[in-house]
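S.K.: Show me how the following folds:
(one chain, ligands or ions: 1)
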Amino acid sequence: MADHSTCMSRSCGITVDGIVKICPQCGGFMRSSRSIRAFGWVMLICGVTAFALMGWMFRAFLAGGGAFTGTRGQALFALGGVSFLVLFLLLASVESLYMVVTGRTNRRLVRTLLLLLSVYILGIVLLGMIGNLTNLLSAFGS
Ligand SMILES: [Zn+2]
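M.R.: Here you go, the predicted structure:
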């Protein structure tokens with residue numbers, strides 16, 4: 001398979017033949033198809049491991065009787081968090097497969113992944129803040 005290099009710049013992103021370090025169009029950093037493929041494999045292995053881990057946790061949960069000791073709201077919240085994570089892992093696996101097969105990154109997928117990640121982190125931070133607030137309020141109430 002012939003090597004090619006892809007520009008990592010957000011605004012450029014062209015692909016040229018051969019292993020080129022500096023983009024001829026914008027002067028940005030370029031990554032070869034070989035290193036993108038290697039990175040794709042690492043991502044793929046991480047994704048598969050995460051899936052296996054989640055499956056194992058789910059099985060352990062079911063083996064424990066499947067009883068959720070919490071409110072309905074907490075159960076829904078946990079379910080939402082897990083499905084969000086599954087969606088993220090699925091997209092990450094698709095992106096890593098794309099990287100392994102083509103030796104390029106799919107910019108739209110990467111952007112979606114970064115967006116999902118920031119929404120997830122923001123959600124955790126916000127929920128943590130809300131949790132602290134409720135604790136504070138209940139401390140005042142008692
Ligand atoms: Zn470029």
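
S.K.: Now Ser5: which helix or strand?
M.R.: Assigned by DSSP states H and E, Ser5 falls within strand 4-7.

S.K.: I meant Ser11, not that one.
M.R.: Using DSSP H and E, Ser11 sits in no helix or strand.

S.K.: Show the contacting residues for it.
M.R.: Shown in contact with Ser11 (Cβ atoms under 8 Å, 6 or more residues apart in numbering): Cys26. (Each C-beta comes from the backbone N, C-alpha and C, glycine too.)

S.K.: quick one: secondary structure of Gly27?
M.R.: coil (DSSP: H, G, I helix; E, B strand; the rest coil).

S.K.: any idea how far it lies from Leu79?
M.R.: Per Cβ to Cβ, to the nearest Å, Gly27 is found 48 Å from Leu79.

S.K.: Between the two ends of stretch 5-16, how far is it?
M.R.: Length of stretch 5-16, first residue to last, Cα to Cα, to the nearest Å: 5 Å.

S.K.: interface residues of the chain facing the ion?
M.R.: Within reach of the ion by Cβ under 5 Å from the ion, the chain has these residues: Cys7, Ser9, Cys12, Cys23, Gln25, Cys26, Gly28.

S.K.: burial count for the fourth one?
M.R.: Meaning Cys23. 19 (other Cβ atoms under 10 Å).

S.K.: what's it in contact with, if anything?
M.R.: Cys23 sits next to Cys7, Ser9, Cys12, Ile14, Val16, Phe29, Met30 when contact means Cβ under 8 Å, 6+ apart.

S.K.: just the third one next, same as before
M.R.: Residues near Cys12 by Cβ under 8 Å, 6+ apart: Cys23, Gln25, Cys26, Gly28.

S.K.: Chain neighbours aside, what residue packs nearest to it?
M.R.: Nearest residue to Cys12 in three dimensions, chain neighbours excluded: Cys26, at 4.2 Å (Cβ to Cβ, 6 or more residues apart in numbering).
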